[in-house]
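# What follows is a predicted structure for the sequence shown.
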Amino acid sequence: MTEELTLGEVSGLSRQVLERVGQAVVGKSEALELVLAGILAGGHVLLEDYPGLAKTLAARSFAQALGLEFRRVQFTPDLLPSDVTGAFVYDQKESEFVFRPGPIFTGLLLADEINRTPPKTQAALLESMQEHQVTVEGQTFPLPTPFHVLATANPVEYEGTYPLPEAQLDRFMLRIGFGYPSPAEEWEVLRRRMSRRREDQSVDAVTDAAGLLAAQRTVETVTVDDTVGQYCVDLATATRRDSQVLVGASPRGSLALLLTARAYAVIQGRDYVVPEDVKTVAVAALAHRITVRPELWLHEVTGATVVRTVLGLVPAPPTVAVAR
Ligand SMILES: Nc1ncnc2c1ncn2[C@@H]1O[C@H](COP(=O)(O)OP(=O)(O)OP(=O)(O)O)[C@@H](O)[C@H]1O
Ligand SMILES: [Mg+2]
């Protein structure tokens, strides 16, 4: 816990992490910056997109570059809560029940396809994420620090999927879509695969768990101008007033917006947050917390379109560079 990092060092570290992840993942730089902002802000991130867009590759590469222990759990329809959290098992030698920790006890957990598992198992994961501990049969076990979840979900509502309820989605700091690569990027994926001559790829660590913790502590020291904080509140409250919306973003949403914008500013090499940072992270921080009126689903109104609408309506404060 002795390690101290300056804001400049955290910016440099962030660029290195992104550069390493970029050795594996072609393109997607905006999405990757957002993922890192979510982690630096201490949050969990939901990657929602179609299969085959490098979500798993990105998650594994972040774990490697950040030097975190990595576990992956495939969320299948028959997965039980104890398959995630762990359970008490009988130890013959000691004649007693001992707790066998599940895969959630790690630094970075890739929870793959969480919408394919029934609500009970989803709830076990999300509760532990939120509380940073696992409770089994009345006993609690703290999770490691840092502990981050990158979860993936498929947006196609296949038969037999269990969409996460809004209350559960709210526990993710960010929801990020990857999107398809451009044809040039896609060709680069193929080209790299051929020159590599194998499927697997890995990247080298630029830091470790203690280094990430130190970086997160440093991000916490960035002060935010009142006008920028007020802007975050105005955006979140505007989602609640929108006539297309059934339930808008909660204060947890405005908090996520502020914390992510702050981490994003540091990644950009600044020690102050500008309204543009807030705008850049707004869809990822807020869209998944908004429930659109059901009668509008057919009109392609989504949480993201609501956030874009309020970004157009709510006046942004002037940019102020805070003297430090
Ligand atoms: N942008 C990209 N950069 C590098 N490799 C990519 C990219 N997009 C896809 N690939 C390659 O495509 C394959 C699929 O990637 P990956 O398994 O990470 O996808 P995924 O999004 O996790 O898919 P699924 O939803 O099916 O789990 C991998 O071989 C990966 O290397
Ligand atoms: Mg995958």
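Right, received. Where do you want to start? Ligands and ions are numbered 1, 2, ... in the order given.
# mind showing which ranges of the stretch 101-250 of the chain have poor pLDDT?
By pLDDT under 70, the low-scoring segments of the stretch 101-250 of the chain are 156-159.
# how close does the closest residue to ligand 1 within it sit to residue 201?
Nearest residue of the stretch 101-250 of the chain to ligand 1, counting by C-beta to the nearest ligand atom: residue 189, 4.3 Å away. Heads up, the C-betas are built off the backbone N, CA and C, glycines and all. Between residue 189 and residue 201 the distance is 11 Å, computed by C-beta to C-beta, to the nearest Å.
# Residue 126 too?
31 Å.
# got it, and residue 8?
Here the criterion is C-beta to C-beta. By it, residue 8 lies 30 Å from residue 201.
# So which of these two has more stuff around it?
Applying other C-beta atoms under 10 Å to residue 8 and residue 201 shows that residue 201 carries more neighbours, namely 15 against 12.
# for the residue nearest to residue 86 when sequence neighbours are not counted, what are its contacts?
In space, residue 86 comes closest to residue 102 once its chain neighbours are excluded; the distance is 3.4 Å by C-beta to C-beta, 6 or more residues apart in numbering. Neighbouring residues of residue 102 by C-beta atoms under 8 Å, 6 or more residues apart in numbering: 82, 83, 84, 85, 86, 87, 134.
# Then residue 178?
Each residue near residue 178 by C-beta under 8 Å, 6+ apart is listed here: 28, 31, 47, 49, 53, 54, 55, 58.
# Not counting its neighbours along the chain, what's nearest the fourth one?
Once its chain neighbours are removed from consideration, residue 49 has its nearest residue in residue 178; the separation is 4.4 Å (C-beta to C-beta, 6+ apart).
# tell me which element that neighbour is part of?
Assessed by DSSP states H and E, residue 178 sits outside every helix and strand.
# Can you pull the residues of this structure lying near ligand 1?
25-28, 51-57, 152, 181, 189 (C-beta under 6 Å from any ligand atom).
# With respect to pLDDT, which of those ranks lowest?
When those are sorted by pLDDT, the bottom entry is residue 51 at 86.
# What is the burial count for it?
Using other C-beta under 10 Å, residue 51 is surrounded by 10 other residues.
# for residue 195, same thing?
7.
# Okay, helices next: where are they in the stretch 51-200 of the chain?
Counting by DSSP state H, counting those that start in this stretch, one finds helices in the stretch 51-200 of the chain at the ranges 55-66, 81-85, 119-131, 166-169, 183-196.
# just these: most buried one?
Counting by mean count of other C-beta atoms under 10 Å, helix 55-66 has the highest mean neighbour count of the helices of the stretch 51-200 of the chain, with a mean of 23.
# Please find the angle between the direction vectors of that helix and helix 183-196.
Counting by axes from the mean of the first three to the mean of the last three C-alpha atoms, to 10 degrees, helix 55-66 points 70 degrees away from the direction of helix 183-196.
# packing partners for helix 55-66?
Helix 55-66 is packed against helix 7-24, helix 29-40, strand 45-48, strand 70-74, strand 108-112, strand 148-153, with contacts defined by 3 or more C-beta pairs under 8 Å, 6 or more residues apart in numbering; DSSP states H and E.
# need those in JSON lines with distance to residue 228, can you?
As requested, the helices and strands packed on helix 55-66 are exported to JSON lines (distance: least, C-beta to C-beta, whole Å):
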{"stretch": "helix 7-24", "distance to residue 228": "17"}
{"stretch": "helix 29-40", "distance to residue 228": "15"}
{"stretch": "strand 45-48", "distance to residue 228": "22"}
{"stretch": "strand 70-74", "distance to residue 228": "34"}
{"stretch": "strand 108-112", "distance to residue 228": "30"}
{"stretch": "strand 148-153", "distance to residue 228": "25"}
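# can you tell which of those is closest to residue 246?
Closest approach to residue 246 among the helices and strands packed on helix 55-66 (C-beta to C-beta): strand 45-48, 20.0 Å.
# Show which residues not belonging to the closest one make contact with it.
Residues from elsewhere that reach strand 45-48 (C-beta under 8 Å, 6+ apart): 34-35, 38-39, 55, 58-59, 148-155, 169, 172-178, 288.
# Contact partners for the nearest residue to residue 274 once chain neighbours are set aside?
Once flanking residues are discounted, residue 274 sits nearest to residue 319: 4.7 Å by C-beta to C-beta, 6+ apart. Shown in contact with residue 319 (C-beta under 8 Å, 6+ apart): 274, 275, 276.
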